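>>> mind looking at a prediction? Sequence and model below.
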Amino acid sequence: MSGTNGTLLSVRNLSMFFPVRGGFLQGHRGEVRAVDDVSFDIQVGETLGLVGESGCGKTTTGRCILRVVAPTAGELWYHPREGEPVDLARLDTAGLLPWRQEIRMIFQDPFASLNPRLPVLEIVGECLKVNRGLRGSALEDRVAELLGLVGLRPEYMRRYPHAFSGGERQRIGIARALALNPRLVVADEAVSALDVSVRSQTLNLLQDLQNEMQLTYLFISHDLSVVRYVCNRVAVMYVGKLVELADTRSLFLTPQHPYTEALLSSVPKPDPRIRSQRIVLEGDVPDPAQPPSGCHFHPRCRYAVDRCAEETPPLRETAGGHHVACHLADEIELAGIQG
Amino acid sequence: MLRYILRRLLLMIPTLFGISIIAFIIIQLPPGDYLTTVIAQLSAAGDLVEEDVIAGLKARYGLDRPMHVQYLKWMGNIMLRGDFGTSFEWDVPVGDLIWSRLGLTVALSLATLLFTWAVAFPVGIYAAVRQYSWGDYFFTGIGFVGLAIPNFLLALVLMYVAFKYFNQSVGGLFSPDFVEAPWTWARVQDMLGHLWVPMVILGTAGTAGLIRIMRANLLDELRKPYVKTARAKGLSELRLLLKYPVRVALNPFVSTIGLTLPILISGSAIVSVVLSLPTSGPLLLRALIAQDMYLAGSFILLLGVITVLGTLLSDLLLAWLDPRIRFDD
Amino acid sequence: MKIRVRHVPVLTSVLLLMMLVLAACGGAAEEPEAVPADTAADESMAMEESREAPMLAAMVADGELPPLDERLPKNPMVVPVTESIGQYGGTWRSGLLGQADAPWVIRTMAYEPTMRWKPDLTGTIPNVAESVTVNDEGTEFTFGLREGMRWSDGEPFTADDVLFWYEAHIVNDEVSPVKPLWMRPGGTLGEVTKVDDYTVQFSFGAPHGLFLSQLGSQRTFAPAHYLSQFHPDFDDAEAVQAIVDDMQLANWAALWGNRRNILNNVDLPVVFGWHLTQPASSATQMVSERNPYYWKVDPEGNQLPYIDKLVYPIVESVEVQVLKALNGEVDMQDRHIATPGNKAQFFDGKEAGDYDFFTVEYAWETPVSMGLNLAHPDENLRSIFLEKDFRIALSLAFDRQAIIDVIYIGDGEPRQPAPLAESPWFNEQLAYQYTEFDQDQANALLDGLGYAMGSDGVRLGPDGEKISFDINVIAAFEPWAEIMNLVAGYWSDVGVEANVVQLERSLFYERKAAYDYDMAVWTGADGIALVMDPRSYFPFSTESLFGVAWADWWRSGGSKGVEPPAAAQQQQALYDELAVTVDPAEKDRIMNEILDIAAEQFWIFGLTKYYKGYGIVKNNFKNVPDTVWQWHVSAAPAQTNPEQYYIEQ
Amino acid sequence: MPAERPSPSADDLLLEVRDLHVHFPLDEGTVRAVAGVDFDVYRNRTLCVVGESGCGKSVSAQSILQLVDRPGRIVQGQIRFHQHDADGGVTVTDLASLRSSSRAMRSIRGRHIGMVFQEPNTSLSPIHTVGNQISEVIQLHLGADEDTARRQGIEMLERVGIARPAQNYDAYTFELSGGMRQRVMIAMALVCSPALLIADEPTTALDVTTQAQIMSLLQELQADFGMGVMLITHDLGVVAEMADDVVVMYLGQVAEYGDVDRIFHAPTHPYTKALLRSIPNLDFDQDIRLDSIRGMVPDPFHRPAGCPFGPRCDEVIEGRCEAENPPAFSLAEGGSVRCLHYEEVTLS
Amino acid sequence: MIARVPAPDHQEAINVATQWQLMWWRFRKHRLAMTSLVIVILIYLVALLAEFLAPFTPDEFRADYTYAPPQRLHLFLETENGLRFQPWVYGYKVEIEEEALRRVFVPDEEVIHEIGFFVSGVPVRLFGFLETDRHLVGPKEPEAPMFLFGADKLGRDLLTRMIYGTRISMSIGLVGVALSLILGILLGGISGFLGGQVDNIIQRVIEFIRSVPTIPLWMGLAAALPTDWPPLRIYFGITVILSFIGWTELARVVRGRFLALRTEDFVIAAHLDGVGQMRIILHHMVPSFLSHIIAALTLAIPNMILAETSLSFLGLGLRPPIVSWGVLLQEAQNIRTVATAPWLFATGGAVFIAILALNFVGDGLRDAADPYAR
């Protein structure tokens, strides 16, 4: 899994289990395997898409990387510009401080992610104050510069978030993420809450910024068409597991996992002339606290054989850079978006 | 469900144990003990309290032993024999004394509760459905009035009104003719004639609160999409209201029952003193002031039991009413 | 058996009596209209023939009760009536404030001591005892009992009951770890011996000059036939313990107290005019009904009491009882409700409530007496308090009349704690010295003591500190706090800082017992028969507010407390002498000497003569005297013989 | 593979909405959420109403059954509902003239017009069983007794693809997954075989695979029941998959109305065009960079003068667009558009 | 919805408005709450300026005027020059009814007492240091009786006593609530922020305290206050007791807010910005719930005031010579007052108004507390 520009982050065997508590005595009642033994690499300068349906663990994966939560197991090897890789999973708050400047986040909800009680200057400038010690006009200049970068008028920096629309707020969130010249930006459903017209503006902005600032994105989304548009490579998750990882074109055109196939076929195409034959999956996404045995997808899989219920398929490389976790990957022919 | 109840009951034990200790400490906090109260009382009557009397009393009440010994003895007797000790002041087993009053106390509290509900429920619904209407302002205003007038003040004035304008025999729950009469319809009527004063007084404060809760809950529920769904089905407004939002809004409302009862029971103390009701409040107050420790201690313990049971009852009721909670177990 | 008596169309007296009996058996279900007015005449006729209450006569007729002659002693006590011979029947409704309001019960139905105080409070006369003789030395008292007298359960009352009281109660160290003072003149416990079935003798090691007075509030007997089953010395100790356990009592002493409790034990045989039928612990009311074996008769030989039944509803707040009285639901009562503050209201309600006032004269010196702690542990304060001029200055510095005007609407007269004019020991100097309002003189006296005025208007004591002390009053006793706040205001005018501190009763007692107070306030003591309780005149008891420590010293023979100054010691010695003096004239002389010293020393000061009290009595409630002495020792109004009160039918 | 459907005939007309205005008088001013909307719904056809949030599409849909939240109310316009009886007769009722809580309106709700809402989680009562909520409609409108209602309810659940319908009939809604709940909603809306189904963003809250399930289900049911469907959505993909006719809304007005194929392949209104250009496609043939629309949707208190889309439009006619709010011009190829560029082609 | 001020030129003001400004704008629209706020402020002004506002001092008694009924206040005096503004009252004719033991008062229409402003009367100390003998209103002749609200049983001016009572009663609520707040924020904050075992323990404690029956607990604790404490310490003791019960509720609110905020995106964002714990709490979390807390506090004050009056009524609270509303009501707690001196219940009216006003202010604050709620 080596990219041309080198690896920025290696996620190895990442797991995150949440205990399920409940009842009066707060008894331990098992655990939700939100992320279960997930490994992948993020290459410098690429946009890696992480897709899946709600509850599949994609958001948790992103939050583990940012160390919003401490993972249950696994390693997060971050490769700095200079020096040896560090395992983010093992660092404490103080140790994380320098790397948190290089790995930043864009949140999904443009309303919840901005403190409504602070003006934009404070919101965007806080990390500059804390990490760079900027004050006064130096701070204002930098914030103005950042606002300009994301297409907002610098004189708005004294306004409060309530004065902005959703799309503008998301730009504020992006400005904050970029304030410290990060290398990796985790964008967690960064455009899901936006309307179509604003969404395209924001997507374009993200791409422009990537080019300008040599950013690497981990782009978490449930919207395959957006992912297709922005990502170089895509990882598909299902019930805490990575089921397929490939470069975008190969994944969309020749998916190797039945789930990916179904997912692609489910996406409504904005063209009435190609009303497709949808693969309609039976049943629902299983409860991650009680996942099915073997391959988690087997109860809904139309290709499933007995083995699928017993053995958990490992993620393996089938073709150049195409990884898939399916016993039958070599045997079945799956349809991509053209099919 | 059964396991849940059992667990809750088990958990009550340490809580009640703690309450018993706190109860005991509270009673011991004021300086002196029951003996000083007796001596002071005798002296107040003008009698000279001679040493012989004091010594006799001391022996009789066993007050000469250290506090923890007294506590252990008290708890021991409760646990082993259900014996709550004897009230110093009344010279009667505490159990008898409390039970004799608890019946009426609970009856009064329940009556008040019903009254509160009977008023708060429709008014709350009305105030929510007709939010910001004249009626809404009027009823919430009335509610506030009840909230803002101290109970005891209301009690005194209402008592005077009952005496002066209704020519009613005040104090207690019965007219003199019926105090010892056997239960007959006439006696029930007589009691109801007396019950309204404390009921209204105790009810006012609670009603205001409940109206506000009901109104707020219902307003929340009315905004929820399922109401619109129900409306889209073609249900009539009233039926829809009662079946859906009111029913859901009822849950937090119901969850207050268990808590309201103990609050009413202990809250009626002040009103009962003013109105001379034969309920537990005045007894408790006197016991506390006279430092009649077993009586006061057992009382607080009992109120603790009622409170804890009330909470349990609330939770069970809520679980019964709300499948979400029921199934969460 | 529950029978409800309804309207009776045709009445014969026999039928009526039967019904009354049935009703009585039925207990509670009586209805007032059951006795139509026109039967009253029949009733009183029946009474004249039978000299007993109709309800009892009926029981006799039914054989449930022995005839009257067998129930009365050979020589029943004849009680004079206040106005007229009464009628049988009726219910006396009053009220108890809380279930433990024993004093009112004693004052109405249970004042039957061995001797009793005369209505004019001039002395005691034999009561349960038929007669008493005293030997010349005053050491032997021989009491004759009433032959044929019976307990309320019909058992004979004999010398054994007196002996039982002595042996079971007084001698027993468990219930009487310390023997009562009035049974041990000179320090050793007296002895009680049975002379014959109807004669007992009390003999003491020293002359006992106060014994007969003290017996005016003591019952020296107990129902042996009933109580012995609860006494381990008289019955099987294990059986008694079993009862203790069964009743969930702490120990035997508690059982003993419980069984002798006249408010709660309905089984206890008594000698009262009424016996308990519903205990106070029943929470709503206490009820007593006539004692068929009561041993007193009116001058015409009719068995007393006249009134059938006493009902005491139990109220928790005075206000309720006030409303009941206004509503005409109280037949006769003064306790709790008849405060000066309520008088206007009762006055207005006379007609509606169909009642009138009777006058109450207080036999106490003053409603407020203020004692500085002359034996204060703090040397500085003590030295100031011990200055007589300081006390005089304080007494002169407040305007008694103004306070009387505010608090008692002018009813009163500036006065110190001193014997009342009605008392044989009235002492004018003691009563009126330093009662004038003269702040100039007060200032002069304080200046004379060298207490210079400080910058903030407070005088400085000998140690250069502000003269400041607390006044302890009991919160529950209105209007003490108000009065003392007013008084303290005046004192601050002359440069003395006093802070009113309201205490809970029991705490007050605790502090007093520890001598830990500056000034304490209490009602003045007995102003008539003051020999019994001369607390205001010398350090006599823990109630002598100015010298609790001094009294303790004297009572403990010097082992406790603080040695009093010479004058006080002299008074105490005089009182010791008085206690063993039998000759009344000599007693008077000694008492006067004590009072003269008190006047000279000016130990304590007060506010006013007691205001005139009042009580409520229904217009058809007869034989209550127009004026009743209020005095705790005689369980007032019990000295006016409640058994001869009657309700006009 | 576009599903070929016969073009709509007047006989199949179910609903005519004409010049509908819905206003919300607020303290801050009146929000004209719907400002003159016209469209028709036909039997056996699906009308999709598409637009960005705040364009008034939901309010339009809800005002048909007079379910708009207070203080919103219909101030102008007609909503003519055509009821076809068995022998071909047609009764026309103007729903806009009925009182919201009137008997007539209630007899149409749930019986002749069913409605499905966006949030299946909150649109069902959490404390009543599925069966309770379904049978209620049956009992109310069809006068069935409880047993019949139960039987029919279970049948309907089975029809909408709920596994173990008899069991789930007695389940509480929180025991079901989101997709199942939406199926229940649909079952509830269709159990009385209404002539029209209004589905307000029925798949927005669902995952993409579940969305696919629900869309298929709706198509199947429409084929079976022959009802008219009015589908509110913001997702052009859904529109392309589901619609026969499309209404594109912008700021409370219909920007463009027409046959789905024309809308996607020959859009006329600049807004529609821009919208179509701004959505990413799975298709790799497309250019890599998305077009986007300038600026933001104005807030409801500050409607621009003239054409509401004017300030964001690339094809503005200087001097006119900021002054005139264009009326709807009928297009030759069917449908209509509110744009001055098409003034000359107007037929009526 | 965001609070909006109608005129569009205010838009920029809104854009840069802090939450407090937004709250204020929204609160201002709540007419009842605004009126109540004015009343509350007035009440506190009365408390602050009691010495100056009260015509007399609270302990000043007039032996001849026990239970004097309120005088009717006349505003205009007829003089030879016609009517002029000059407040005045009639004097009293007093008669003592011996048997009823009371004074009977009738207005003496012969005697007119003029009432002046800024008259000199009893010297008092304003704010504890400003010596003055000026009172806002008072009789022009210092000895003239002026009982606008009537007199109590000792002939003290009720108006004066109510004014002085305001100080204690209104501050006991504040101080009690402040103590609750400190305890509540401290423990609730610790509980909510640290979570885990600490949270568990604190929650158990709170649960336990809440299961102890309140009124007996109060009564017991109040009864346990040494009664010989000086008034000030009693006062303090009572507030502590009241707050001891009150803190659990606040702690729950605070904890709930903390727990909710802990997972809010903007808090996580601040965390990822490298902002320290303390700064996150103080800069991001506390301001977010402060407004809610303030609203909760305002709603808690009335309960404290009521509790104080209840305790005073039971004889367990404050006692004379402290003058509080509870003490005044306790003094009026008898049938005699109801029947013959009902004006003494005027204090009840003051309690009523204060509680109502505080409640409405609290409600208004609560509604305005979250200007960002969507």
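Sure thing, it's come through.

>>> drop to CA atoms for contacts and neighbour counts, all remaining ones
Fine.

>>> need the residues of the stretch 151-300 of chain A near chain D, please.
A:165, A:167, A:195-198, A:200-201, A:204, A:222, A:224-226, A:228-229, A:249, A:262-263, A:266-276, A:278, A:280-281, A:284 (CA under 8 Å from any CA of the partner chain).

>>> buried subset of these as a ChimeraX selection?
The following ChimeraX line selects those of those that are buried, judged by 16 or more other CA atoms under 10 Å in any protein chain shown:
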select /A:165,167,195,196,197,198,200,201,204,222,224,225,226,228,229,249,262,263,266,267,268,269,270,271,272,273,275,276,278,280,281,284
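
>>> looking at the residues of the stretch 151-300 of chain A next to chain D, which are in helices?
Among these, the members falling in helices (DSSP state H) are A:167, A:196-198, A:200-201, A:204, A:224-226, A:228-229, A:249, A:262-263, A:266.

>>> residue of the stretch 401-550 of chain C with the smallest distance to chain E?
Proximity of the stretch 401-550 of chain C to chain E (CA to the nearest CA) peaks at residue C:406, 4.5 Å away.

>>> my guess is that residue contacts residue E:154, does it?
Yes: contact criterion CA atoms under 8 Å: residue C:406 and residue E:154 qualify, at 5.7 Å.

>>> what is in contact with the two at once?
Residues touching both residue C:406 and residue E:154 (CA atoms under 8 Å, 6 or more residues apart in numbering or on different chains) are E:62-63, E:66.

>>> most neighbours, which of those residues?
residue E:66 (24 neighbours; other CA atoms under 10 Å in any protein chain shown).

>>> in contact with the residue nearest to that residue when sequence neighbours are not counted, which residues?
Nearest residue to residue E:66 in three dimensions, chain neighbours excluded: residue E:155, at 3.9 Å (CA to CA, 6 or more residues apart in numbering or on different chains). The neighbourhood of residue E:155, defined by CA under 8 Å, 6+ apart, consists of C:406, E:61-68.

>>> so which of the residues you listed belong to helices?
Residues from the contacts of residue E:155 lying in helices, with DSSP H as the criterion: residue C:406.

>>> now the contacts of residue E:155 in JSON lines, with pLDDT?
As requested, the contacts of residue E:155 are exported to JSON lines (pLDDT from 0 to 100):
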{"residue": "C:406", "pLDDT": "84"}
{"residue": "E:61", "pLDDT": "81"}
{"residue": "E:62", "pLDDT": "82"}
{"residue": "E:63", "pLDDT": "78"}
{"residue": "E:64", "pLDDT": "83"}
{"residue": "E:65", "pLDDT": "86"}
{"residue": "E:66", "pLDDT": "85"}
{"residue": "E:67", "pLDDT": "87"}
{"residue": "E:68", "pLDDT": "88"}
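
>>> reformat the contacts of residue E:155 as JSON lines; add distance to residue E:254.
Formatted as JSON lines, the contacts of residue E:155 follow (distance: CA to CA, whole Å):
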{"residue": "C:406", "distance to residue E:254": "53"}
{"residue": "E:61", "distance to residue E:254": "48"}
{"residue": "E:62", "distance to residue E:254": "51"}
{"residue": "E:63", "distance to residue E:254": "53"}
{"residue": "E:64", "distance to residue E:254": "55"}
{"residue": "E:65", "distance to residue E:254": "52"}
{"residue": "E:66", "distance to residue E:254": "50"}
{"residue": "E:67", "distance to residue E:254": "49"}
{"residue": "E:68", "distance to residue E:254": "50"}
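
>>> show me what contacts whichever residue of the stretch 201-339 of chain A sits closest to chain C?
Taking CA to the nearest CA, chain C has its nearest neighbour within the stretch 201-339 of chain A at residue A:289, 57.2 Å off. Contacts for residue A:289 were tallied using CA under 8 Å, 6+ apart; they are A:30-33.

>>> show the pLDDT at it.
For residue A:289, the model assigns a pLDDT of 80.

>>> next one: residue B:63
On pLDDT, residue B:63 comes in at 68.

>>> swap in residue B:212?
77.

>>> is chain C within reach of the host helix or strand of residue E:134?
Per DSSP states H and E, residue E:134 falls inside strand E:130-139. No: counting by CA under 8 Å from any CA, chain C is not contacted by strand E:130-139; separation bottoms out at 13.9 Å.

>>> tell me the mean pLDDT for that strand?
pLDDT averaged over strand E:130-139 gives 83.

>>> next one: stretch C:228-240
Here the average pLDDT along stretch C:228-240 is 89.

>>> what are the buried residues along that stretch?
Buried positions in stretch C:228-240, judged by neighbour count with 16+ other CA under 10 Å: C:228-231, C:240.

>>> tell me the strands beside the biggest strand by length in chain E, with direction?
Using DSSP state E to define each element, chain E has its longest strand at strand E:102-126. Here strand E:102-126 is paired, per DSSP bridges, with strand E:82-97 (antiparallel), strand E:130-139 (antiparallel).

>>> let me have those in JSON lines, adding distance to residue B:4 and mean neighbour count as columns.
Putting the strands paired with strand E:102-126 into JSON lines (distance: least, CA to CA, whole Å; neighbours: other CA atoms under 10 Å in any protein chain shown) gives the following:
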{"stretch": "strand E:82-97", "distance to residue B:4": "71", "mean neighbour count": "16"}
{"stretch": "strand E:130-139", "distance to residue B:4": "66", "mean neighbour count": "18"}
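
>>> would JSON lines of these with distance to residue B:146 be doable?
Listed next are the strands paired with strand E:102-126 as JSON lines, based on distance: least, CA to CA, whole Å:
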{"stretch": "strand E:82-97", "distance to residue B:146": "35"}
{"stretch": "strand E:130-139", "distance to residue B:146": "34"}
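
>>> now for the residue in the stretch 201-339 of chain A positioned nearest to chain D: which residues touch it?
Going by CA to the nearest CA, chain D is nearest to residue A:270 of the stretch 201-339 of chain A, at 3.9 Å. Residue A:270 makes contact with D:236-241, D:264, D:281, according to CA under 8 Å, 6+ apart.
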